[in-house]
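Asks: the sequence and its predicted three-dimensional model are supplied below.
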Amino acid sequence: MAKQAINIGTLANDGTGDPLRTAFDKINDNFTELYGTSADDSIIDDVSPQLGGDLDINGFNIVSARTNENIRIIPAGTGTVELEANTNVTGDLSVSGTIFLGNDDTDITQVTGKLEVDGLEFNGTTITGLVTNTNITVTPNGTGSIVLSSATTVPSIVVGTATSSISIEDNEIQATVTNSDLVLSASGTGDVVAGAVRIHGTTITSDDSAAININEALIVDGTATVSGAVTMASTLAVTGNVTGSGNLAITGTSTLTGTVQIDNLNITDSNITSDTNAPISIIPGGTGALVLGGLSLSGTTLTATDSSTININEGLVVDGTATVSGAVTVAGTTNTADVVTTGNTTVSGSLTTGTFNVGDLNIEDDGRITTDTNGNVDIDPAGTGAINLTGATNIVGTATVTGQLNVDNLRADANIISATNTNGGIALTPNGTGTVTINGTFVGITNTLSATDIEVSASGSVDTNNLRGITSNSNLTISTQGTGVVSIPSQLTLEGSFLPAIHTFVATDAVTIAEHAGRTLLLGEVGGDAAVTLTLPAATGTGAVYKFIVSVTNTSNYKIQVADATDTIDGIMIYLDEDGTAVTAFPTVAASDTITLNGGTTGGIVGDYLELIDIATNQYHVRGVMRVAAGANPATPFTAAVS
């Protein structure tokens with residue numbers, strides 16, 4: 001029987017619905033349709049779906065009326081599907097999410113047929129991967145292990161992670177990640193044993209005490225330490241460096257190609273050289289001598305083994321004192337740094353570079369050069385040669401220079417002292433409290449005069465106590481570099497007029513002491529319709545005065561504000577209401593930090609004036625006179641917009 005619906009009428013209690021008895025009769029019929037007549041049959045078996053759609057519950061079965069259609073149980077959010085008590089699956093079970101077996105200590109004791117979980121199929125005692133050529137990964141939780149009990153046969157086993165893993169296949173264990181290491185380690189003090197070879201820590205031994213044979217090339221990338229004898233039946237080829245910490249004994253003939261290096265000593269072909277300019281020391285034992293061909297060196301004595309002459313065919317350099325007991329014959333040129341003789345030195349003959357005249361010239365042992373009979377000492381270089389005195393030169397008497405005198409980069413020529421190096425300066429530096437005195441009726445400085453302190457005496461050529469321009473009707477400008485200021489520590493008296501400069505603000509800008517203090521500042525935004533914000537410097541008690549006059553009425557506001565939120569503005573502004581010529585005054589409040597002139601109620605028409613003075617740390621003083629045109633009433637210009 002189809003589901004029966006109760007007619008509830010059009011409106012409440014309008015008499016158009018089913019009578020109460022009819023309504024409850026339909027309810028009973030619907031429940032009779034849903035429930036069976038016995039305790040074992042709580043859902044009526046029928047052949048047509050009754051739950052809506054194509055899904056129905058008949059007895060203890062959830063059935064689908066659509067052929068070959070899956071039945072899905074989908075919980076909401078993170079909820080799970082729980083199957084309590086023993087659960088028998090007679091067909092295929094496909095789970096796309098997570099399946100929990102044995103919930104609440106109740107085991108799933110039987111799965112009849114195949115169980116498919118994601119890419120795995122469980123069928124009897126067999127686990128099969130459903131995706132072609134895809135590994136089966138078994139991951140224990142935490143420190144748990146994977147245990148394969150009894151004899152287990154698998155094609156291959158891969159153990160590890162994506163960055164480090166090994167595979168066991170047939171008789172081979174290999175690392176599966178490219179360029180990764182394969183590490184075999186024993187537990188505790190156990191060893192890694194491969195046949196008769198045992199590896200314990202960093203030691204390789206043979207269990208049968210036999211030799212360990214390496215039948216291929218052996219490459220040692222680090223340091224190799226051999227405590228016993230090494231026997232090589234064939235040639236030893238070394239492509240890198242060989243470093244030995246002990247003695248090297250070679251009993252036979254060894255042929256080494258390339259360079260043999262022992263510390264800083266290099267042996268290459270027929271040459272013995274050293275690194276980093278180090279000396280080469282060959283020291284025989286005991287009283288033995290060093291013999292090179294027919295030359296014997298014993299201690300500090302060099303002799304010829306056949307008593308013949310020792311010939312030195314190249315230059316001989318003696319860095320210390322040389323003592324010669326016999327005659328010395330020099331066939332070529334002798335170059336010496338210093339020659340010390342205990343007797344007279346007689347030079348007979350001529351030098352190859354010119355004539356050596358002694359005459360009245362004496363070279364004394366105290367370093368003086370003197371002449372006999374009051375003669376002059378003339379040092380006259382040839383051609384364009386110069387006389388170079390590289391050390392300190394003391395002239396006791398009068399020095400007369402007829403031509404040009406060059407001292408380092410300073411040149412004295414005629415009546416001019418000049419610098420010879422490019423853009424070089426000339427410094428006159430007296431010692432201690434000494435002064436530099438320039439005598440003359442007039443001292444002319446044609447370029448810029450840069451001085452830390454200029455003192456003009458009463459008798460100087462500059463007018464006493466006056467600093468003035470010497471050109472008729474010319475201006476005198478005193479300026480500093482960068483942010484420097486002109487400081488006058490004493491009282492300043494202006495006998496003439498004082499003309500402050502004018503600065504016009506046409507857009508938003510920062511007010512600074514160097515550029516704006518003491519000047520007449522015009523508020524002159526060109527169009528009179530663009531907002532202009534002027535930010536004052538932090539108040540520190542400098543006494544700087546900023547005087548503002550409106551030269552263009554701006555209906556989009558002139559705003560003057562502090563930069564530091566802790567600064568305040570204190571004072572009063574007086575307003576003339578042009579409607580009735582009434583005067584109103586607006587004082588600041590404790591937090592006032594912004595002044596706004598809107599061209600209307602808060603003033604700001606042409607000719608209005610205000611003045612700000614930096615009087616203390618975090619405090620400005622303000623005073624001003626404003627007008628409000630007819631048709632508007634004055635309002636305070638002060639706000640606390642910054643703090």
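Replies: Structure received.
Asks: helix/strand/coil for residue 26?
Replies: Put simply, residue 26 is helix when judged by DSSP: H, G, I helix; E, B strand; the rest coil.
Asks: got the contact list for it?
Replies: Neighbouring residues of residue 26 by CB atoms under 8 Å, 6 or more residues apart in numbering: 4-6, 18. Quick note: C-beta positions are derived from backbone N, CA and C, even for glycine.
Asks: can you tell me how far it is from residue 56?
Replies: According to CB to CB, to the nearest Å, residue 26 stands 21 Å off from residue 56.
Asks: please apply the same query to residue 403.
Replies: Residue 403 sits at a distance of 131 Å from residue 56 (criterion: CB to CB).
Asks: ok, the spatially closest residue to residue 563 that is not a sequence neighbour - contacts?
Replies: In space, and not counting its chain neighbours, residue 563 is closest to residue 535: 4.9 Å by CB to CB, 6 or more residues apart in numbering. Residues counted as contacts of residue 535 (CB under 8 Å, 6+ apart) are 509-511, 561-563.
Asks: if we can go back for a sec, show the buried residues in the contacts of residue 26.
Replies: Buried residues within those, counting neighbours by 16 or more other CB atoms under 10 Å: residue 18.
Asks: nearest to residue 361 among the contacts of residue 26?
Replies: Distance ranking of the contacts of residue 26 against residue 361, using CB to CB, places residue 5 first at 147.4 Å.
Asks: and the pLDDT for the closest one?
Replies: With respect to pLDDT, residue 5 scores 87.
Asks: hey, where'd the helices end up in the protein?
Replies: Here the chain has its helices, by DSSP state H, at 20-34, 513-516.
Asks: for those, give me a markdown table that also has distance to residue 636.
Replies: A markdown table is the format used below for these (distance: least, CB to CB, whole Å):
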| stretch | distance to residue 636 |
| --- | --- |
| helix 20-34 | 78 |
| helix 513-516 | 25 |
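Asks: could you dump the ones you listed into TSV and include mean pLDDT and distance to residue 277?
Replies: Below are those laid out as TSV (pLDDT from 0 to 100; distance: least, CB to CB, whole Å):
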stretch	mean pLDDT	distance to residue 277
helix 20-34	82	109
helix 513-516	94	61
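Asks: out of these, which comes closest to residue 575?
Replies: Closest among the helices of the chain, once you apply CB to CB, is helix 513-516, at 25.1 Å.
Asks: quick check: residue 377 touching residue 363?
Replies: No - under the criterion of CB atoms under 8 Å, residue 377 makes no contact with residue 363, lying 10.9 Å away.
Asks: overlap in contacts of the two?
Replies: Jointly contacting residue 377 and residue 363 under the rule CB under 8 Å, 6+ apart are residue 369.
Asks: low-confidence stretches in the stretch 351-500 of the chain?
Replies: Scanning the stretch 351-500 of the chain for pLDDT under 70 picks out the ranges 351-359, 365-367, 440-442, 444, 446, 448-471.
Asks: can you list the domains in this protein?
Replies: As assigned by automatic domain parsing, the chain contains the domains 75-129, 502-639.
Asks: start to end distance for the shortest one?
Replies: The first and last residues of domain 75-129 sit 27 Å apart, counting by CA to CA, to the nearest Å.
Asks: quick one: mean pLDDT for it?
Replies: Per-residue pLDDT over domain 75-129 has a mean of 68.
Asks: quick one: contacts for residue 421?
Replies: Counted by CB under 8 Å, 6+ apart, residue 421 has contacts residue 409.
Asks: hang on, the earlier thing: among the helices of the chain, which is the most enclosed?
Replies: Highest mean neighbour count of these: helix 513-516, a mean of 16 (counted as mean count of other CB atoms under 10 Å).
Asks: that one: how far from the chain's middle?
Replies: Averaging C-alpha positions (CA atoms, centre = their mean, to the nearest Å) puts helix 513-516 39 Å from its chain's average.
Asks: for it, packing partners?
Replies: If contacts are counted by 3 or more CB pairs under 8 Å, 6 or more residues apart in numbering; DSSP states H and E, helix 513-516 sits against no helix or strand.
Asks: ok, and what's touching that helix?
Replies: So helix 513-516 is contacted by 483, 485, 503, 537, 542, 544, 546 (CB under 8 Å, 6+ apart).
Asks: check the nearest residue to the last one once chain neighbours are set aside and give its pLDDT.
Replies: Yep, that's residue 546 we're talking about. Counting by CB to CB, 6+ apart, the nearest residue to residue 546 once its immediate chain neighbours are dropped is residue 612, at 4.6 Å. Confidence at residue 612, expressed as pLDDT, is 98.
Asks: so residue 612 makes contact with residue 593?
Replies: No - judged on CB under 8 Å, residue 612 makes no contact with residue 593 at a distance of 11.7 Å.
Asks: packed most tightly, which of the domains of the chain would that be?
Replies: The highest average neighbour count among the domains of the chain, using mean count of other CB under 10 Å, belongs to domain 502-639 at a mean of 17.
Asks: start to end distance for that domain?
Replies: Start-to-end, domain 502-639 (CA to CA) is 28 Å.
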